[in-house]
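S.K.: Quick one, what's the 3D model for this:
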Amino acid sequence: MSVWSRAVRYAATALLLVGTAGCGWWSTDARSQFHPLWVEFISDTEGWTAGYWHNGCAPGCPKLLHTLDGGRTWTAVAEPPVGESRPVIADARNWYVTANTRSPDSDPAELWVTHDAGLHWARVALPAEVEQAQWTPPIVVDSTVRISVFDARTGEAWILSSPVEVDEFTLSPPFPTGLGDPASARQRSYSAHLEEAYAGPVTWIGVSFSTTDRPSAAQGARLVDGVWSAWRLPCSGMGLPELQAISPTDLLASCVPADGTYSQQRHLYTSVDGGDTFTDLGPIVPDGRPATLIGAATTQDLIAAAMTGDPDRPYAVRTSHDGGRAWTTTLDPEGALPTSYYNLPDTGGFFTPTLGFATVPFRQNSDTIRRFYLTRDAGNTWTPFIIDIDAVTVPAS
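M.R.: Now for the predicted structure:
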């Protein structure tokens, strides 16, 4: 993905507290809360968020909100007709949603698009082999929408792409990963994961595949100007590397090294030659605690999520402005969910060179929620992402 596309790509659950309610679609309970599932900005001022209302929301209350002033005020907009996750917003007019991409063998995967900010939606006609494969969520890079595709039956991977303004989707040539298993694919008894990064004409992907009787194996590939080649992943420890592409030559990766132990301590790797070679900068956090890279605004401006060992403040967001060589704790909220590697905040990133987000898990009643925090200075300071109920306008139907 491009420098900021990780923030655009991933969704997370969070808690937004709202103020005293009045009448209309909203609850009259002053404790009513809006729980966003994602937030996305395409500039410092324009963005969207979606979620659900808790504690007495009336029928018809807005679930998708739009701001033009950096989040000071919000307007309700129409929701997509389908979708298993949030829409991918290329710009103010062009959005994409997907459905059935996690179980394409039971129902064909679907891609829907709008070119008028959600007023009209249309399903995109796709090649049959793509409808029966596993996808990553769409990513928009350089006015092109791209989707990484893996077919567990054949072990082949493709890139599906189209210019944003028109629906002219084409498939790259297939890349034979050497993974996959037809029998396991038919029985749905496999696990497959994809990780990708895009920058200019270069695409990097990693695919991992396992079945009930085959251990996990991983393969990397690189697509340059339409030509595939095998690509050696920066590390072959547990799981795929987390990739951040800054340019066609500058690539960052976060992963457990091949000789890593179950401490799950991720190292930071940097490449300046398009991924041909990597430099291991060592553990992301040098104190030996688990951490993962969650965003890169540039090769120098990075944010990572880390466990702290403090029971009152178990998680921290740490910021580096020298490419990961030195880190400063910039966010460590009190009262987060008790420490667990599996609750390590792994969702965050940058929308612009300075505007970004991170999430931290909290417990609310019996549920686990992730609260959003925003930075407007490349990770130096953070503020809770809060919407006041009076800031939301619902246009007359």
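S.K.: Mind jotting down where the helices sit in this structure?
M.R.: Applying DSSP state H to the chain gives helices spanning 5-9, 128-131, 182-187.
S.K.: Worst mean pLDDT among those?
M.R.: Ranked by mean pLDDT, the helices of the chain end with helix 5-9 at the bottom, a mean of 36.
S.K.: measure residue 204 to residue 183 for me?
M.R.: 30 Å (CB to CB, to the nearest Å). For every residue, glycine as well, the C-beta is placed using N, CA and C.
S.K.: With adjacent residues omitted, what lies nearest to residue 250?
M.R.: Spatial nearest neighbour of residue 250, chain neighbours left out: residue 299 (5.1 Å); criterion: CB to CB, 6 or more residues apart in numbering.
S.K.: looking at it, the one you found is touching residue 321, isn't it?
M.R.: No. Using CB atoms under 8 Å, residue 299 is not in contact with residue 321; the gap is 10.7 Å.
S.K.: just to revisit the earlier point, show me the contacts for the residue nearest to residue 250.
M.R.: 246, 250, 252, 270, 323 (CB atoms under 8 Å, 6 or more residues apart in numbering).
S.K.: Most neighbours of all these, which one?
M.R.: Comparing those by number of neighbours (other CB atoms under 10 Å), residue 252 comes first, having 25 neighbours.
S.K.: Let's see the pLDDT reported for the nearest residue to residue 90 once chain neighbours are set aside.
M.R.: Of all residues not flanking residue 90 in the chain, residue 140 sits nearest, at 4.2 Å (CB to CB, 6+ apart). Looking at residue 140, its pLDDT stands at 89.
S.K.: Neighbours of residue 140, how many?
M.R.: The number of residues packed near residue 140 is 23, by other CB under 10 Å.
S.K.: So what sits opposite it in the bridge?
M.R.: Applying DSSP bridges to residue 140 gives these bridge partners: residue 145.
S.K.: from memory residue 361 sits against residue 368, does it?
M.R.: Yes. Using CB under 8 Å, residue 361 is in contact with residue 368, at 5.7 Å.
S.K.: The closest residue to residue 35 other than its chain neighbours: neighbouring residues, count only.
M.R.: Distance criterion CB to CB, 6+ apart; nearest residue to residue 35, sequence neighbours excluded, is residue 51 at 4.8 Å. Residue 51 has 22 neighbouring residues, counting by other CB under 10 Å.
S.K.: The stretch 201-350 of the chain: strands as residue ranges?
M.R.: Here the stretch 201-350 of the chain has its strands, by DSSP state E, counting those that start in this stretch, at 202-211, 214-224, 227-230, 242-245, 251-255, 267-271, 279-283, 291-296, 302-307, 315-320, 328-331, 348-350.
S.K.: Switch these over to CSV; also include mean pLDDT and distance to residue 387.
M.R.: As requested, the strands of the stretch 201-350 of the chain are arranged in CSV below (pLDDT from 0 to 100; distance: least, CB to CB, whole Å):
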stretch, mean pLDDT, distance to residue 387
strand 202-211, 91, 36
strand 214-224, 90, 40
strand 227-230, 94, 45
strand 242-245, 91, 29
strand 251-255, 91, 31
strand 267-271, 92, 34
strand 279-283, 90, 37
strand 291-296, 89, 22
strand 302-307, 91, 23
strand 315-320, 92, 21
strand 328-331, 94, 20
strand 348-350, 91, 19
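S.K.: tell me the most buried of the ones you listed?
M.R.: strand 291-296 (a mean of 27; mean count of other CB atoms under 10 Å).
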